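Novice: This is a predicted model, with the sequence first.
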Amino acid sequence: MRLATAGLLCLFLCVSCAQPKSDEATPDSEAAAAAEETPPESSTAEAESNGPVSTEPEPTEETAVETPLPYHNPLTSEQIADGWISLFDGHTLFGWESNDPGINWTVQDGAITADSGPIGLLLTTVPFADYEFHCEFRMDAGGNSGVFLRTTTKPEDVTTDCYELNISDDHPEGYTTGTLVGRAKTAEPIAGSGDWKTFDVRVEGNRITVRLDGEEVLDYTDDSDSARRSGLIGLQKNAGKIEFRNILLHPLNLEPLFNGEDLTGWNIVPGSKSEFAVEEGVIRVKDGPGFLETEGTYGDFIFQAEAITHGDELNSGYFFRAMKGTEEAPSHGYEVQIHNGYKDGDRTKPANAGTGAIFRRVEARRVVPNDHEWFTTTLVTSGPRIAVWVDGYHVVDWVDTRDPDENPRRGMRTDPGHISLQGHDPTTDLSFRNLRIVETPDPTAP
């Protein structure tokens, strides 16, 4: 066992010393600045000075032989193409945080469940504004639970801090299953216990519609001055046992960043060697290095795009919150990595951080897509929190804890910045389509 573990550790150290990706070509006159801002992957000390490279633990005898979790993605190919994401991987609470550690949230038989502890919520780590939401739930008779929409972390007033979609057989004020507590009731009381039931909810602007097991039971418009525009999604543990599964979300009202005809709204960063062209309604990039950046800037947002690699283990990425590119500094931003390679036939071992990684910060926990096939990346930013889904599967949930800096290579940036597409090197050959974005409004913005 000692020999096997030592071998795995040696392999890890050798891989960590490799330099499969260069962020940009930097003129010799800027070598000193580049050394400070973009530490080579082979230098551990310099990498640490630029922030954590990964939140994954160092390999030990236990982690080195750990069996990867099975891959569970309930989305259809049509849903993936339409931009749906899965909020629950079927096995872990990745991407969720409890607002009270006393609640026994866990995963059992492919469902998120709780049955003891105080009243509280299990919350998404990033907020959403306009969306379609789907989940299945099952509750014991006499229980009480709910789904909190556009909620704060710890809502105190359900009429101002959230929209509470209730799950309850009985309620003293008539807010049973399918109602919005303190706001709107269904035409008739509806029980929530029994076998699995399904919510399909549309939250858009100040209107919320609710379908229960396929039947519309509520259509509510919030005309109050306290109408909420965005917030987290919370699963409630109140009384009795509750279970949730197949938790899906479809962001709405994303605006196109690419018109499908030309590069209007985009600029090629000076000094780029890449060739950016529009071919049959897609952006194709060849050669490199180089960057194509948006004219607009974006801070907190949901971004989605489809990409395809026209070669094996090609390297590219989406840069965001980036400073305006110049010939001397073309790509000072965060990067969502594109690289579909993985090691030892194991998709949980990315060969070069993995598609969906925040490069030099945190690796993707699984390489989902295949080369030569279209795949969809969803990026959600909220202050220092960054989350990424690939083909609807949640691969990164990361908080930048570094000191603030206008350059994301050196520190945390929450200010708006450009989005850019990367041409990495002379082998680059990728296409992009359906690039779209929506900024996340303040929760109580008018």
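Specialist: Looks like it arrived, so ask away.

Novice: low pLDDT regions in the chain?
Specialist: 1-66, 446 (pLDDT under 70).

Novice: can you give me the helices in it?
Specialist: Counting by DSSP state H, the chain has these helices, from start to end: 2-16, 31-37, 44-49, 61-64, 77-82.

Novice: and the nearest residue to Arg433 once chain neighbours are set aside, how many neighbours?
Specialist: Nearest non-adjacent residue to Arg433, counting by CB to CB, 6 or more residues apart in numbering: Val282, 4.3 Å away. Using the backbone N, CA and C atoms, a C-beta is placed for each residue, glycine as well. When counting by other CB atoms under 10 Å, one arrives at 19 neighbours for Val282.

Novice: now do the one 3 residues further on
Specialist: Residue neighbour count, defined by other CB under 10 Å, stands at 24 for Val285.

Novice: Who are the contact partners of it?
Specialist: 274-276, 292, 316, 421-423, 428-432 (CB atoms under 8 Å, 6 or more residues apart in numbering).

Novice: Over to Phe432?
Specialist: Phe258, Val282, Ile283, Arg284, Val285, Ala305, Glu306, Ala307, Leu421.

Novice: Please convert the residues you listed to a markdown table, extending it with distance to Asp397.
Specialist: As requested, the contacts of Phe432 are exported to a markdown table (distance: CB to CB, whole Å):
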| residue | distance to Asp397 |
| --- | --- |
| Phe258 | 27 |
| Val282 | 30 |
| Ile283 | 28 |
| Arg284 | 31 |
| Val285 | 28 |
| Ala305 | 19 |
| Glu306 | 22 |
| Ala307 | 21 |
| Leu421 | 24 |
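
Novice: ok, so of those, who is nearest Leu123?
Specialist: Nearest to Leu123 among the contacts of Phe432: Ala305, at 26.7 Å, using CB to CB.

Novice: returning to what we had before: in strands only, show me the contacts of Phe432.
Specialist: When strands are assigned by DSSP state E, the members of these inside them are Val282, Ile283, Arg284, Val285, Ala305, Glu306, Ala307, Leu421.

Novice: buried stuff in stretch 223-240?
Specialist: 227-238, 240 (16 or more other CB atoms under 10 Å).

Novice: Dump the C-alpha coordinates for it into PDB.
Specialist: In PDB, the C-alpha atoms belonging to stretch 223-240 read as follows (Å, rounded to 0.1, in the frame of the first residue of the first chain):
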ATOM      1  CA  ASP A 223     -47.500  44.900  -7.400                       C
ATOM      2  CA  SER A 224     -46.100  46.000  -4.100                       C
ATOM      3  CA  ASP A 225     -43.200  48.300  -3.600                       C
ATOM      4  CA  SER A 226     -41.300  45.500  -1.900                       C
ATOM      5  CA  ALA A 227     -41.400  43.100  -4.900                       C
ATOM      6  CA  ARG A 228     -38.100  41.200  -5.100                       C
ATOM      7  CA  ARG A 229     -36.200  41.000  -8.300                       C
ATOM      8  CA  SER A 230     -33.600  38.300  -7.500                       C
ATOM      9  CA  GLY A 231     -32.400  36.000  -4.700                       C
ATOM     10  CA  LEU A 232     -31.400  32.500  -3.700                       C
ATOM     11  CA  ILE A 233     -33.500  29.400  -3.900                       C
ATOM     12  CA  GLY A 234     -34.100  27.600  -0.600                       C
ATOM     13  CA  LEU A 235     -35.500  24.200   0.400                       C
ATOM     14  CA  GLN A 236     -37.200  24.400   3.700                       C
ATOM     15  CA  LYS A 237     -37.100  22.000   6.600                       C
ATOM     16  CA  ASN A 238     -40.000  22.900   8.900                       C
ATOM     17  CA  ALA A 239     -41.900  19.900  10.400                       C
ATOM     18  CA  GLY A 240     -41.600  16.300   9.600                       C
END
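
Novice: what about that stretch, distance to the chain center?
Specialist: 20 Å (CA atoms, centre = their mean, to the nearest Å).

Novice: And for stretch 420-429?
Specialist: Worked out by CA atoms, centre = their mean, stretch 420-429 lies 23 Å from the chain centre.

Novice: Pull the residues that contact it.
Specialist: 21-22, 269, 272-276, 283-294, 309-311, 314-320, 322, 325, 331, 333, 335, 338, 432.

Novice: Just the buried ones out of these, please.
Specialist: Buried, going by 16+ other CB under 10 Å: 21, 269, 272, 274, 276, 283-294, 309, 314-320, 322, 325, 331, 333, 335, 338, 432, out of the contacts of stretch 420-429.

Novice: Leaving out the residues flanking it, which one is nearest to Asn340?
Specialist: Closest to Asn340 by CB to CB, 6+ apart is Asp371, at 4.9 Å.

Novice: residues contacting Ala81?
Specialist: Contacts of Ala81 by CB under 8 Å, 6+ apart are Glu306, Thr376.

Novice: can you do 7 Å?
Specialist: Thr376 (CB atoms under 7 Å, 6 or more residues apart in numbering).

Novice: and if you look at the one 4 residues further on?
Specialist: Taking CB under 7 Å, 6+ apart as the criterion, Ile85 is in contact with Leu249, Thr378, Trp389, Gly392.

Novice: Could you save these as JSON lines and add columns showing neighbour count?
Specialist: Converted to JSON lines, those look like this (neighbours: other CB atoms under 10 Å):
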{"residue": "Leu249", "neighbour count": "23"}
{"residue": "Thr378", "neighbour count": "26"}
{"residue": "Trp389", "neighbour count": "28"}
{"residue": "Gly392", "neighbour count": "25"}
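
Novice: Include distance to Gln79 when you put these into TSV, please.
Specialist: Shown next, in TSV, are these (distance: CB to CB, whole Å):
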residue	distance to Gln79
Leu249	11
Thr378	12
Trp389	12
Gly392	7
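
Novice: which one among those residues gets closest to Arg365?
Specialist: Trp389 (11.5 Å).

Novice: Distance check, that closest one against Val336.
Specialist: Counting by CB to CB, to the nearest Å, the separation of Trp389 from Val336 is 11 Å.

Novice: same question, Ile283
Specialist: 16 Å.

Novice: who does Pro251 bridge with?
Specialist: Beta-bridge partners for Pro251, by DSSP bridges, are Tyr131.

Novice: so it touches Gly83, yeah?
Specialist: Yes: with contact defined as CB atoms under 7 Å, Pro251 reaches Gly83; the gap is 6.2 Å.
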